[in-house]
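In: predicted model follows, preceded by the sequence.
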Amino acid sequence: MQQLDVRTDLTVIGGGLAGICAAIAAARQGSTVALVQNRPVLGGNSSSEVRVWVCGATAHGVQHFARETGIMGELFVENQYRNPEGNPYYWDLVLLEAVRAESRISLFLNTDVRTVDAADGEIRSVTGWQMGSEKSITFYSPAFADCSGDGLVGYLAGAEFATGREPRSLYDESWAPDVPDGNTLGSTILFYTKDTGSPVRFVPPSFARNIDETAIPSRRIIRSDLNGCAYWWIEWGGELDVVDDNERIRDELQAVVYGIWDYIKNSGRFDAECLTLEWIGSVPGKREYRRFLGDHVLTQHDVLGQTEFDDRVAFGGWSIDLHPPGGVYAAERGSKHWHPDGNYHIPLRSLYSRNVSNLWMAGRNISASHVAFGTTRVMATCAVLGEAVGIASAVASRNGLSPRELACDRFELMRRALQRADASVLGVVDDDPANLALTASVSASSTLTHPAVEVSSGTLPLTTDIAMVLPSATGLSLLVDASADASLTVELHDPVKPQNYVPLALIDSWDVPVPAGEKRWVDVPLDHAGNAIVVLRQNPAISVHTADTALPGMIFFAHRDPAPDEEWTEQFRSWKHILPRAGLCLRLGETSAYAASNVVGGYSRPYGAPQLWSSEDLAWDPEPWIQLTWPSPVELSEIVVILDADVEEDLINLHHHRTPFEILPTLLNTYILEAQTGTPEWHPIATVQSNHHRTVRHPVSIQATALRLRALTTNGIPRAHVVSLRAYA
């Protein structure tokens, strides 16, 4: 047996999305990292071994302008480019290549960490066994990140933790039980099928469950065309110890899968003669186990109240999603959901141990109550927590700070590092003095100041209320038809928080006369700064004209009442997104929502406004440009261009749905960066072609008095969009 010692700045245990993003983030900050994974592939529950789709703050379209940026955002966009059909093995490759691209990461696959050397509230080293190579490897570093999900490293180090469900009295959470118990969310095994084109039979194994003897056929959706995570409800083990009883849980889940497949193939209820099993999981996908305790425990109140922590480092948006402990055998439905009004914040104080001084944690083991964990546990949220931990570890290390000192005393260092990394944070302005763009004046060849969409693609009768999210503007005109003289009631609502996109508080209302006839423009006296939620109250005599396109920052909803089976009022969202990637025919009055100044400072994602520069239509400005000008020469080492990756688009890694394009149309395809270096002539710095990335970094070594980005082509939209243009000393 070979004994190896590995010394790095950070050891990350766990190669799921939290661990991957922690390792990449720390490496990009200059730290050396050992990434230790006990499986042969990266990705954890999202990998080809388990095949759970990666969900996050978009909540499959319930939340808006919510898709993650930073490393998780890069992975989503790259996977869409390489793997739009959602092949699980191609997703494995996207993750592996992202890790291998970072030279400071040493990757150890098939390495199971089993022992921890810790004393006096500090971890000194962890040791793992690398299967196949028969090596015992000890990892030494000043900081450790437990991203293992189950939290074995933190447990062996003596970190305080919780399991099961806390009593309601502890945090006053309405969804917590009156009496505490050890129940958790269970584990899942999935399966894939394929059509062979000819009949194939299935002989069930002796251990297959007869699901006709259970509540499954009457309480769960079974269809022959479903695959993989569409069967997320194949869940069991919540009333057991999901670690101690892992083998029993795996056997029971496989018995259930074979029983469901027997039901599909042999019950005569389905057209499945030519279907066969293509894949069945052998590794249970766990949802919940240990939750370590930090200086702050995230609760139901933080999620639903969208608490604005001073030390916020990430956001989520998935519902509080809790499942019955009995899992697949429970008589009640498989899950219940409670959505916050918009994205919520997660503080750094929930990402380190309160009693082990050098232990960070990210993923499903963070400091949260069982109820709040019901939303933070989804993998894209785990990923952004991992990125926050990787950045925090590096920032704390180079400044000689403990995790607590960084969170409580020097958080401005963390905030600026998050901004520079384009991480997933909300409501954090770019005030980094190293970004010399903050001292420049901004100009552009054109700006979209009077937005309009005037070409009709059809009509939509106002048989229900319609809501629109519009950027700040003075004046609104709508293209409508009316079968008779009518009155259109239009309301202006406040979303209350800048990350919300639903009408929550009525501000004003107008009754607008609409004369009978077709294609009439009617005017609404809108005058509002920041996002406005405009509601058109139903009137069957009136139809609004739809358009094939929408302007940046605009989304459209229809109101609907709960269906009979939607019995939990907390989980029902009455405003449902309609007209995806399209909108209504409208004209807005003058607006500064798309001003060139948006690219400097401010926010790097939609937050109360689109937060980007948009040129006029390319037909009017065929080669738009945006420019930074300094009063005196500045020395630059890096230029960062952040483009519009349309964070409203709900990308997914596997098969939940297919997005109809491989490159987001809102991104610039080709652009040229140029600089003035003391004379009027422009000197090219970089030319980018065939771009499919949101964030493009350009290392430079120049002295400049001006910097210009010339947009040559987009990937589909008729305007140039730039979110941020940064120039670092």
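Out: Yep, it's here.

In: buried residues in stretch 696-710?
Out: Neighbour-count burial for stretch 696-710 flags 696, 700, 702, 704-710 (criterion: 16 or more other Cβ atoms under 10 Å). For the C-beta atoms, the positions are set from N, CA and C on the backbone; glycine is no exception.

In: same question for stretch 635-646.
Out: Neighbour-count burial for stretch 635-646 flags 636, 638-646 (criterion: 16+ other Cβ under 10 Å).

In: pull the most distant pair out of the residues you listed.
Out: The most widely separated members of these, counting by Cβ to Cβ, are 636 and 646 (28.8 Å).

In: part of a helix, is residue 381?
Out: Yes: judged by DSSP: H, G, I helix; E, B strand; the rest coil, residue 381 forms part of a helix.

In: now, which of the buried residues of stretch 696-710 lie within strands?
Out: 696, 700, 702, 704-710 (DSSP state E).

In: what pLDDT does the closest residue to residue 162 other than its chain neighbours get?
Out: Leaving aside its sequence neighbours, residue 162 sits nearest to residue 291 (Cβ to Cβ, 6 or more residues apart in numbering; 5.1 Å). pLDDT for residue 291: 98.

In: ok, residue 604 next?
Out: Listed pLDDT for residue 604 reads 95.

In: tell me the secondary structure at residue 418.
Out: Of the three states, residue 418 takes helix according to three-state DSSP.

In: cool, and residue 22?
Out: helix.

In: so it is in contact with residue 147, correct?
Out: Yes: the criterion here is Cβ atoms under 8 Å, and residue 22 meets it with residue 147 at 5.7 Å.

In: quick one: common contacting residues for these two?
Out: Residues touching both residue 22 and residue 147 (Cβ atoms under 8 Å, 6 or more residues apart in numbering) are 12, 362, 386, 389.

In: what's the last one in contact with, if anything?
Out: The one in question is residue 389. So residue 389 contacts 18, 22, 25, 145, 147, 351, 360-362 (Cβ under 8 Å, 6+ apart).

In: that older thread, now which of the shared contacts of residue 22 and residue 147 would you call buried?
Out: The buried subset of these (16+ other Cβ under 10 Å) comprises 12, 362, 386, 389.

In: ranges for the helices of the protein?
Out: Assigned by DSSP state H, the helices in the chain fall at 17-28, 70-82, 88-100, 152-156, 168-171, 216-219, 246-266, 300-305, 370-376, 379-398, 403-408, 411-420.

In: out of these, which comes closest to residue 183?
Out: helix 370-376 (8.7 Å).

In: how distant is the closest one from the center of its chain?
Out: 16 Å (Cα atoms, centre = their mean, to the nearest Å).

In: so of the helices of the chain, which one's packed in deepest?
Out: Highest mean neighbour count among the helices of the chain (mean count of other Cβ atoms under 10 Å): helix 17-28, with a mean of 31.

In: and that helix, C-alpha only, in PDB?
Out: Extracted in PDB, the C-alpha atoms of helix 17-28 (Å, rounded to 0.1, in the frame of the first residue of the first chain):
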ATOM      1  CA  LEU A  17     -21.800  20.600  -7.900                       C
ATOM      2  CA  ALA A  18     -21.100  22.300  -4.500                       C
ATOM      3  CA  GLY A  19     -17.600  20.800  -4.300                       C
ATOM      4  CA  ILE A  20     -16.900  21.400  -8.000                       C
ATOM      5  CA  CYS A  21     -17.800  25.100  -7.700                       C
ATOM      6  CA  ALA A  22     -16.000  25.500  -4.400                       C
ATOM      7  CA  ALA A  23     -12.800  24.100  -6.000                       C
ATOM      8  CA  ILE A  24     -13.000  26.100  -9.200                       C
ATOM      9  CA  ALA A  25     -13.800  29.300  -7.300                       C
ATOM     10  CA  ALA A  26     -10.900  28.900  -4.900                       C
ATOM     11  CA  ALA A  27      -8.500  28.100  -7.700                       C
ATOM     12  CA  ARG A  28      -9.600  31.200  -9.700                       C
END
